[in-house]
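Undergrad: No letters, just coordinates:
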């Protein structure tokens, strides 16, 4: 219904509509935050500040310097296929390995017409974060996502890609770094060029680093005022024997990190680590294979893939210990949490069994704590198995309660676990 109208809109019409909306009598000045403003003249002071700012001279807008994309030489050379792997052929997945140790997994699907997704994984991810720089991964992912490329900042890149139906993002997981994207198959070459430029000329922006630190501090301060946030900050570290690799470090720690810290950690992985690319969607598999060969198979030779995922050293679980975490909040609530050491992720059958066990326990907790006692509305149980720490996983029993009822809840949780140990699980 709206398409014909929108298509015929002119710049002048839009400008006039904006000016009408921005009339002085449409303005609202709203001050929010957690600071107490007790000065009786505060309202007039706020209005004076607004009025003074409206009289300041505004500099004319300076358009950004436009740059063409792609800006690096796009060689016609294609990577050579070393082998084809058939282990997932029954799932409709083709796996191809190129001579430079780039691996491609590709699957054609019809779930979303005219759409495909791509995920490029490389390196060991957060598992390789320097031990003396906890939290560096949190900054690095944000910096790489917001820095654009080496010779194009984010604004220039957005302008160069205007009209292209593609988007991309950089992230870090426990056991790998990744560059992901999605788009229309007609614009697939553009997305592959983005990936190619990322590996050949990644961007590291001081502006992006500064913004990442500000956002991190805001998120941390917000988390400190919530029960779940406090658990992530301090509780996860307690359950790992106060290991600094767990939990969320204070903003003051991250404020010390520089772009050089991020570069020194990630650049060797960008330039040397093996690459695994997975593509799924409404695609021509031959076209996608050729694009992979040209833009990734032609990169310099990478390190070989490890046959087994690397595992980091032991983590001490605080057997029999208890920790009380307090939160500065006006909401009268608390969370009772009981945790058990399980195991890491890589015994897949065991990991699935533990997930089923968590669901069984969750149902028993729901019946006892919610239906019989009425102490909590939505208690739950889950198992989190580490993919990088050897032998480390934690099964959590979580019950949101009113302060003061924790002893009763802990007693009932213990009884539920004892009943499983003594009587087993029914069909």
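TA: The structure has been received and is ready for your questions. The model shown is predicted, which means the values in this text are computed figures rather than measured ones.

Undergrad: What segments of this protein are strands?
TA: Using DSSP state E, the strands of the chain run over 81-85, 94-98, 102-108, 116-122, 166-172, 177-183, 275-281, 334-341, 380-385, 393-401.

Undergrad: To residue 348, which of the ones you listed lies closest?
TA: With CB to CB as the measure, strand 380-385 is the member of the strands of the chain nearest residue 348 (9.8 Å). For every residue, glycine as well, the C-beta is placed using N, CA and C.

Undergrad: Mean confidence (pLDDT) on the closest one, please.
TA: What strand 380-385 shows for mean pLDDT is 96.

Undergrad: strands paired with it, and their directions?
TA: Using DSSP bridges, strand 380-385 pairs in its sheet with strand 393-401 (antiparallel).

Undergrad: tilt between the strand it pairs with and strand 334-341?
TA: With axes from the mean of the first three to the mean of the last three CA atoms, to 10 degrees applied, the angle from strand 393-401 to strand 334-341 works out at 160 degrees.

Undergrad: contacting residues around strand 393-401?
TA: Here strand 393-401 makes contact (CB atoms under 8 Å, 6 or more residues apart in numbering) with 227, 239, 317, 333-345, 351, 354, 357-358, 361, 365, 369, 375-386, 409, 413.

Undergrad: Would you show me how to pick out the buried ones of these in ChimeraX?
TA: Those of those that count as buried under 16 or more other CB atoms under 10 Å are selected in ChimeraX with:
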select :227,239,317,334,335,336,337,338,339,340,342,343,344,345,351,354,357,358,361,365,369,375,376,379,380,381,383,384,385,386,409,413
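
Undergrad: follow-up on the earlier one: select, out of the strands of the chain, the one closest to residue 151.
TA: Closest of those to residue 151 is strand 166-172, at 16.7 Å (criterion: CB to CB).

Undergrad: That closest one - which strands sit beside it in the sheet, and in what orientation?
TA: Strand 166-172 has these strand partners (DSSP bridges): strand 177-183 (antiparallel).

Undergrad: what does the strand it pairs with rub up against?
TA: By CB under 8 Å, 6+ apart, the residues outside strand 177-183 that reach it are 115-123, 125, 164-172, 190-191, 194-195, 198, 266, 269-270, 273, 281.

Undergrad: quick one, helices of the stretch 151-300 of the chain?
TA: With DSSP state H, counting those that start in this stretch as the criterion, the stretch 151-300 of the chain has helices at 154-160, 188-200, 206-223, 227-230, 236-238, 251-254, 259-272, 285-295.

Undergrad: now for the fourth one, which elements pack on it?
TA: This means helix 227-230. With contacts taken as 3 or more CB pairs under 8 Å, 6 or more residues apart in numbering; DSSP states H and E, helix 227-230 sits against helix 206-223, strand 334-341.

Undergrad: Now do the buried residues in that helix.
TA: By neighbour count with 16+ other CB under 10 Å, helix 227-230 contains the buried residues 227, 229, 230.

Undergrad: Of these, which is the nearest to residue 4?
TA: Among the buried residues of helix 227-230, and counting by CB to CB, the member closest to residue 4 is residue 229, at 47.8 Å.

Undergrad: For the closest one, give me its contacts.
TA: Contact analysis of residue 229 by CB under 8 Å, 6+ apart lists 222, 223.

Undergrad: how much space between it and residue 327?
TA: Noted for residue 229: a distance of 8 Å to residue 327, by CB to CB, to the nearest Å.

Undergrad: hey, what's the spatially most central residue of the chain bridged with?
TA: The residue lying closest to the centre of the chain (CA atoms, centre = their mean) is residue 171, at 5.9 Å. Beta-bridge partners recorded for residue 171 (DSSP bridges): residue 178.

Undergrad: To residue 142, which of the helices of the stretch 151-300 of the chain lies closest?
TA: Of all those, helix 206-223 sits nearest to residue 142, with 3.8 Å by CB to CB.

Undergrad: for the closest one, packing partners?
TA: helix 136-146, helix 227-230, helix 251-254, helix 259-272.

Undergrad: So what's the model's average confidence on it?
TA: Taken as a whole, helix 206-223 has a mean pLDDT of 95.

Undergrad: Over to stretch 413-427?
TA: In this model, stretch 413-427 carries a mean pLDDT of 93.

Undergrad: Then stretch 122-140?
TA: Averaging pLDDT along stretch 122-140 gives 93.

Undergrad: Any idea how far apart the tips of it sit?
TA: 15 Å (CA to CA, to the nearest Å).

Undergrad: What of stretch 381-394?
TA: Termini of stretch 381-394 sit 11 Å apart (CA to CA).

Undergrad: what's the answer for stretch 318-328, then?
TA: 25 Å.

Undergrad: Pipe the buried residues of helix 227-230 into TSV and attach distance to residue 301 and pLDDT per row.
TA: TSV is the format used below for the buried residues of helix 227-230 (distance: CB to CB, whole Å; pLDDT from 0 to 100):
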residue	distance to residue 301	pLDDT
227	50	91
229	44	93
230	47	93
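
Undergrad: for the residues you listed, which one is nearest residue 304?
TA: residue 229 (41.1 Å).

Undergrad: From residue 345, how far out is that closest one?
TA: From residue 229 to residue 345 the distance is 25 Å (CB to CB).

Undergrad: Report all helices and strands that the lowest-mean-pLDDT helix or strand in the chain contacts.
TA: Within the chain, no helix or strand scores below helix 42-54, which has a mean of 89 by mean pLDDT, DSSP states H and E. With contacts defined as 3+ CB pairs under 8 Å, 6+ apart, helix 42-54 has no helix or strand neighbours.
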